[in-house]
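Trainee: quick check, what structure comes out for this input:
(chains A, B and C)
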Amino acid sequence: MSQKQQLIEKVIEAWQALQQQAPLVQCITNSVANNYVANILLAAGASPAMIDNPFEAADFTKICAALSINIGTPTTEQTQAMLISAETAQQQQRPWVLDPVGYGSILKWRSETVDQLLKFQPTIIRGNASEISTLAGSQVQSKGVDSTLNSHDVYAQAKSLLQHTECVAISGESDYIISKQLDMVIKVNGGCHLQPKITATGCALGALTAAYHAVTNSTIAALAAHIHFAIAGKLAYEHAQTVGSFNVAFLDYIHMLDDNLIQQYVDIEIL
Amino acid sequence: MSQKQQLIEKVIEAWQALQQQAPLVQCITNSVANNYVANILLAAGASPAMIDNPFEAADFTKICAALSINIGTPTTEQTQAMLISAETAQQQQRPWVLDPVGYGSILKWRSETVDQLLKFQPTIIRGNASEISTLAGSQVQSKGVDSTLNSHDVYAQAKSLLQHTECVAISGESDYIISKQLDMVIKVNGGCHLQPKITATGCALGALTAAYHAVTNSTIAALAAHIHFAIAGKLAYEHAQTVGSFNVAFLDYIHMLDDNLIQQYVDIEIL
Amino acid sequence: MSQKQQLIEKVIEAWQALQQQAPLVQCITNSVANNYVANILLAAGASPAMIDNPFEAADFTKICAALSINIGTPTTEQTQAMLISAETAQQQQRPWVLDPVGYGSILKWRSETVDQLLKFQPTIIRGNASEISTLAGSQVQSKGVDSTLNSHDVYAQAKSLLQHTECVAISGESDYIISKQLDMVIKVNGGCHLQPKITATGCALGALTAAYHAVTNSTIAALAAHIHFAIAGKLAYEHAQTVGSFNVAFLDYIHMLDDNLIQQYVDIEIL
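Mentor: Below you'll find the model as predicted:
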């Protein structure tokens, strides 16, 4: 069996484990994304809980199976919760995913929070090309929270982030998974051009990565989540080509994914 | 006319009153649920307003027709608003519904708030089986905010909560309405297995219970809201069997419910 | 070319400019609306960013192309952000739109904030008839956040608000755009009766007005946004007559609008 087919087998096993275990995933996410993130995680098979206050954060992180932190619309209390939960996750060896939405020189406050969060060693960092590039040290000017860079142009540079984490995932027209463990970059093709037209798809992808990480290692978790989204996006677009209807169909296919659809539609390349 | 048919008549009258009065319902709910809750209440015929800050809470509770408090993702300011509005509701004899999301030993902060809120005598308490069982004194370990218990196994125990409230509603595969006034337990059948796959359906059910409570007594309000959801869920599932499409159809049927559909599809048992 | 046709030409140009520039729009909006607002703006062609904390507000307003402030569910931190961003917008001559949700005597705290925000001279004020009438000095009792008045009965009175702003937009069964620059009132027909059944449509209309204002003057921006909504609402209703399905179709048509659809379906009157 080829290395690629071995990865696909592990992705299918991760999907099966997600269905069987329905892991409890703590999501600290932004006010734009939280309903959508919860629905994506429920549809995918996980059990999300949006515990984002500093008074319950530590206790909850101790019992969750994985943690997702997304810095989209931070408040003071939420920022406190992020720091507490990230520290708790590191102490308790819970897998956790950091999504540094809008990281850069304009949004200094959140960027300082992200810098602090990095000290607690997220097991996976996930972002768009602008965010990952800036986090890796470039002086990029992103456009608000949307990327101005191509994921392909960023992945080599993103390897420097492996000092902070086991795995980096960059979303874009194609996605790139950079694995420290396997010393490998995997390209994930699929999805559709309407996905950036729906807010919080990136946020949901980060949370789904955390959900998979509750049942498998960082590389397979990132790969499985991105394949899950890529296939659901591709099939949804075959079903509906307008943005509102596509969004409904996308949730349908996030839920309907199974072993056969993964095997049939997965499109990855080892670089 | 049988006792059961009498209840159904009153539910139909409550639905009619909801359409005619479009009562103003103050909702203090969580950040995952608020858009969904507002859309469900608008579709059902009510007029929701999400006033959840402590600076306006008292004034607004005085003019609303009913209050819904859901403890899902509390902040400090929102918690203050909950306490102010609950106290105001009790003083002004406004009907109010408490939804103790995630009540239990892990989420201590919100559970303490719930304990304080109970002093203001919610007219209805609504929750899933784990929450209601824990609130009634059991040492249950729920899974985040999702239930690990069956509603059927909990309703006998839940009667102890009638010291705090007139009515307890437990949602699950079947729902149970426990009425102090009628000294009766009513089982509501219907709905579909996809509903727990959509986040905030329980939260919306609590808010709809408050909306009905603006136009009728606690028992009929809880019964009407649960029947409304059970029928809409059943009919939506006949129309759409995938989670995204089901969710759209569910909102359609929440809006399309009428006297005839209630009479035709209602499925309740007096226990 | 008639004055009306000249206006329509400018609306079409504004729509084209929105597609070409995809302007960065800072939205400080409420917790019910933010997901919906972001999706509407993305579908319409803009690039929304929900930066609503006081620590990043000033820096972000400096780089955005337009600002939308909606007072729906204010927190202390969000209120601070509103004041900072409004002041920054005025200083930097950024166009900004104020949506005074629920303005009136019951909701005093937000109403005081709105009074403070008016000092920073919003370029456009947008609201429903109750809000605009109260803001113009009437003692109206609105029902929560929903209007109890007809937009037609309010537009004459609303002219007094032109001391604070260049343009006032009143939404209702028909919408009214009151332009200081053109000394003109323009009536926009269209839409459908289901739109008030979907929460946050007014909020999204305010944000879309800001998005258009990033690429054109205040009168054409308000006109273009209201025409965009009116046509999308009309066409969506032809496609789907139930509230859940209508909402999906509405997002589809927000995205599918183009020159031809504007020319074919626009329905405005100069009063």
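
Trainee: export the worst-scoring helix or strand of chain A on mean pLDDT to PDB, keeping only CA atoms.
Mentor: Sorting the helices and strands of chain A by mean pLDDT, DSSP states H and E puts helix A:155-158 at the bottom, at a mean of 89. C-alpha atoms of helix A:155-158 as PDB (Å, rounded to 0.1, in the frame of the first residue of the first chain):
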ATOM      1  CA  TYR A 155       3.700  26.600   3.000                       C
ATOM      2  CA  ALA A 156       7.400  26.500   2.700                       C
ATOM      3  CA  GLN A 157       7.700  29.500   5.000                       C
ATOM      4  CA  ALA A 158       5.100  28.100   7.400                       C
END
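
Trainee: which neighbouring elements make contact with that helix?
Mentor: On a contact count with 3 or more C-beta pairs under 8 Å, 6 or more residues apart in numbering or on different chains; DSSP states H and E, helix A:155-158 meets helix A:129-135, strand A:167-171, strand A:175-179. To be clear about C-beta, it is placed using only N, CA and C from the backbone, and glycine gets the same treatment.

Trainee: give the buried residues for that helix.
Mentor: Using 16 or more other C-beta atoms under 10 Å in any protein chain shown as the test for burial, helix A:155-158 gives A:Tyr155, A:Gln157, A:Ala158.

Trainee: contacts for that helix, please.
Mentor: A:Ile132, A:Ser133, A:Ala136, A:Gly137, A:Ser138, A:Val168, A:Ile170, A:Tyr176, A:Ile178, A:Val185, A:Leu271 (C-beta atoms under 8 Å, 6 or more residues apart in numbering or on different chains).

Trainee: please report how far the second one lies from A:Lys180.
Mentor: Meaning A:Ser133. For A:Ser133, the distance to A:Lys180 equals 18 Å [C-beta to C-beta, to the nearest Å].

Trainee: what about those two, which has more around it?
Mentor: Neighbour count, other C-beta atoms under 10 Å in any protein chain shown: between A:Ser133 and A:Lys180, A:Ser133 has more, with 26 against 16.

Trainee: around chain B, which positions in chain A sit nearby?
Mentor: Within reach of chain B by C-beta under 8 Å from any C-beta of the partner chain, chain A has these residues: A:24, A:26, A:31, A:34-35, A:38-39, A:42-43, A:47-53, A:55-56, A:59-60, A:63-64, A:75, A:77, A:247-252, A:255-256.

Trainee: what pLDDT does the model give the residue of the stretch 1-150 of chain A found nearest chain C?
Mentor: Nearest residue of the stretch 1-150 of chain A to chain C (C-beta to the nearest C-beta) works out as A:Gly144 at 3.4 Å. Each residue has a pLDDT score; the one for A:Gly144 is 70.

Trainee: kindly report the same for A:Lys108.
Mentor: 94.

Trainee: residues in contact with it?
Mentor: A:Lys108 neighbours (C-beta under 8 Å, 6+ apart): C:Phe55, C:Glu56, C:Asp59.

Trainee: nearest to C:Gln6 among these?
Mentor: C:Asp59 (38.8 Å; C-beta to C-beta).

Trainee: tell me where the stretch 151-271 of chain A has strands.
Mentor: A:167-171, A:175-179, A:184-188, A:268-270 (DSSP state E, counting those that start in this stretch).

Trainee: give me whichever of those strands is most buried.
Mentor: Compared across the strands of the stretch 151-271 of chain A, strand A:167-171 shows the largest average neighbour count, a mean of 30 (mean count of other C-beta atoms under 10 Å in any protein chain shown).

Trainee: so what touches that one?
Mentor: A:123-129, A:132, A:151, A:154-155, A:158-159, A:161-162, A:175-181, A:202, A:205, A:209, A:218-219, A:221-222, A:225-226.

Trainee: alpha carbons only: can I get stretch A:2-21 in CSV?
Mentor: What follows is stretch A:2-21, C-alpha atoms only, in CSV (Å, rounded to 0.1, in the frame of the first residue of the first chain):
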residue,chain,number,x,y,z
SER,A,2,1.4,3.4,-1.0
GLN,A,3,2.1,6.0,1.6
LYS,A,4,-0.8,8.1,0.2
GLN,A,5,-3.2,5.1,0.6
GLN,A,6,-1.9,4.5,4.1
LEU,A,7,-2.8,8.1,5.0
ILE,A,8,-6.3,7.7,3.5
GLU,A,9,-6.9,4.5,5.5
LYS,A,10,-6.0,6.4,8.6
VAL,A,11,-8.3,9.3,7.7
ILE,A,12,-11.2,6.8,7.2
GLU,A,13,-10.3,5.2,10.6
ALA,A,14,-10.4,8.7,12.2
TRP,A,15,-13.8,9.4,10.6
GLN,A,16,-15.1,6.1,12.0
ALA,A,17,-13.7,6.9,15.5
LEU,A,18,-15.3,10.3,15.4
GLN,A,19,-18.7,8.7,14.8
GLN,A,20,-18.2,6.1,17.5
GLN,A,21,-16.8,8.4,20.2
